[in-house]
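In: coordinates for the following, if possible.
(4 chains)
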Protein chains: 2
Amino acid sequence: MTKLQSHGREPFETVDRAPEAQAEGFATVRQAHESEMAEDYVELIAELIETRGEARPVEIAERLGVKPPTVTKNISRLKAAGLVRREPYRAIFLTDSGQELAEACRQRHRIVVAFLCSLGIDEETAERDAEGIEHHVSETTLVAFGQALKQSWKHE
Amino acid sequence: MTKLQSHGREPFETVDRAPEAQAEGFATVRQAHESEMAEDYVELIAELIETRGEARPVEIAERLGVKPPTVTKNISRLKAAGLVRREPYRAIFLTDSGQELAEACRQRHRIVVAFLCSLGIDEETAERDAEGIEHHVSETTLVAFGQALKQSWKHE
DNA sequence: GACAAAAGTTAGACATGGCTAACTTATCTA
DNA sequence: TAGATAAGTTAGCCATGTCTAACTTTTGTC
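Out: Numbers count the residues shown, from 1 in each chain, chains lettered A, B, ... in the order given. From the prediction side, this is the model:
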């Protein structure tokens, strides 16, 4: 009943995975959640520095849709993690490792967005979905997205 | 420097989005996180009932890679949310609305996995990435995945 | 049917990432 | 330059989802 069509090979077969493999998958997701905050922040900080000249808590709060105290707290966590450099009441800067992470995240973000757009998804939706998806895309999948993207350029 | 190629249109342009739109995007991601637990559980419970005849906490814990007390606590939250029906020390059943949610999640999961596989990604990676990605795929994107999938069947 | 093992629960701790209220510091402007 | 406004911080609260340790219930076996 849930099978839509038959094309020689079953299109939506449910794979019976080993419990450990499945558990590892969920563990990977939980780990990704732990780095999401850091990734979102450094990505945004890099963006703000580039487009606005500096990254200010008030702007970060506005862009993330959270309140200023949340930003303060999280920025101090990022500082503890060695990703940002900053003095109280001053603008926020990225350390080298923060910069590196930001660049990787932005690159990944752009690829995911471009890939979704190449499927005909509108830009607004692509951006929105990418925000959530990007943290769960493995290197393997990212490469596959990049290649599919190149294909779509050829055939456009 | 980050631009790889030029194909008439810029491939990786960074869109300057309105702050509110961006904030809404992050809010969507945070919301998705709140329903992830429920979705993972009902999806898994449905799967276990189907393949094992019943869903037991010990098995859920094993598959999710968490400890039994975590399952107990979360199951009682699902019960409060009206998604499962259950008595202490007994197996777990889905309510109608739990069943409905589970079916939607499983369908979405299968589409995401099949779509990733259609890009040439190996099944193990596809399953792993899908676990994280599926919670952040909008209806629009899901439909696009489905259509790309149909295309890939034609050209195989 | 008793008892050991397995399954499940309860209690209590912890980290994360939100929030409000109240305070401090910086900036702008009359 | 003083005072008002905006920006940022601190303190303390809450929900989520994880854990360990200790307890209870169920199941299986002799």
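In: could you list the contact residues of chain A toward DNA strand D?
Out: A:30, A:56-59, A:68-69, A:71-73, A:75-76, A:88-89, A:91 (CB under 7 Å from any atom of the strand). The way it works is simple: take the backbone N, C-alpha and C, and place the C-beta from them, glycine included.
In: hey, where'd the helices end up in chain A?
Out: With DSSP state H as the definition, chain A shows helices at residue ranges A:19-52, A:57-64, A:68-80, A:96-118, A:123-133, A:139-154.
In: B:G82: which of these is closest?
Out: Closest of the helices of chain A to B:G82 is helix A:19-52, at 23.7 Å (criterion: CB to CB).
In: now do the closest one and helix A:123-133, the angle between them.
Out: Using axes from the mean of the first three to the mean of the last three CA atoms, to 10 degrees, the inter-axis angle of helix A:19-52 relative to helix A:123-133 is 130 degrees.
In: who are the packing partners of helix A:19-52?
Out: Packing contacts for helix A:19-52, counted by 3 or more CB pairs under 8 Å, 6 or more residues apart in numbering or on different chains; DSSP states H and E, involve helix A:57-64, helix A:68-80, strand A:84-85, strand A:93-94, helix A:96-118, helix B:19-52, helix B:57-64, helix B:123-133.
In: so which bits of the fifth one are buried?
Out: It stands for helix A:96-118. Residues A:98-99, A:101-102, A:105-106, A:108-118 are the ones in helix A:96-118 that count as buried (16 or more other CB atoms under 10 Å in any protein chain shown).
In: before we move on, what about the longest one?
Out: Within helix B:19-52, the residues that count as buried by 16+ other CB under 10 Å are B:22-26, B:28-29, B:32, B:36, B:38-49.
In: just the buried members of the residues of chain A next to DNA strand D?
Out: Counted by 16+ other CB under 10 Å, the residues of chain A next to DNA strand D give A:56-57, A:59, A:71, A:75, A:91 as buried.
In: contacting residues for the residue most central in space within chain A?
Out: Closest to where the C-alpha atoms of chain A average out (CA atoms, centre = their mean) is A:E134, at 3.3 Å. Applying CB atoms under 8 Å, 6 or more residues apart in numbering or on different chains, one finds that A:E134 lies in contact with A:105, A:108-109, A:112.
In: again, 10 Å this time
Out: For A:E134, the contact set (CB atoms under 10 Å, 6 or more residues apart in numbering or on different chains) comprises A:32, A:36, A:39-40, A:43, A:105-106, A:108-113, A:142, B:29, B:133, B:136.
In: likewise A:I75?
Out: When contacts are counted by CB under 10 Å, 6+ apart, A:I75 is found next to A:41, A:45, A:55, A:57, A:60, A:83-84, A:86, A:92.
In: near DNA strand C, which residues of chain A show up?
Out: So chain A meets DNA strand C at A:33-34, A:36-37, A:64-67, A:69-70, A:73-74, A:77, A:89 (CB under 7 Å from any atom of the strand).
In: between those, which sits nearest A:L149?
Out: Nearest member of the residues of chain A next to DNA strand C to A:L149, counting by CB to CB, is A:E36, at 23.9 Å.
In: would you mind measuring from the residue lying closest to that closest one once chain neighbours are set aside to A:T51?
Out: Leaving aside its chain neighbours, A:E36 sits nearest to A:H135 (5.0 Å; criterion: CB to CB, 6 or more residues apart in numbering or on different chains). Applying CB to CB, to the nearest Å, one obtains 22 Å for the distance of A:H135 from A:T51.
In: likewise A:V66?
Out: From A:V66 to A:T51 the distance is 20 Å (CB to CB).
In: any idea of the pLDDT on A:H135?
Out: As predicted, A:H135 sits at a pLDDT of 98.
In: just to check, it is in contact with A:D129?
Out: No. Using CB atoms under 10 Å, A:H135 makes no contact with A:D129, being 11.8 Å away.
In: what's the overlap in contacts for these two?
Out: Common neighbours of A:H135 and A:D129 (CB under 10 Å, 6+ apart) are A:112, B:29, B:133, B:136.
In: could you list the low-pLDDT ranges of chain A?
Out: A:1-15, A:156 (pLDDT under 70).
In: A:R77: neighbour count?
Out: 13 (other CB atoms under 10 Å in any protein chain shown).
In: residues touching it, list them.
Out: A:37-38, A:41, A:83-84.
In: what sits against the nearest residue to A:I60 once chain neighbours are set aside?
Out: Nearest non-adjacent residue to A:I60, counting by CB to CB, 6+ apart: A:V71, 5.1 Å away. Residues in contact with A:V71 (CB under 10 Å, 6+ apart) are A:41, A:56-64, A:92.
In: check the gap between A:V71 and A:E59 for me.
Out: In terms of CB to CB, A:V71 sits 9 Å off from A:E59.
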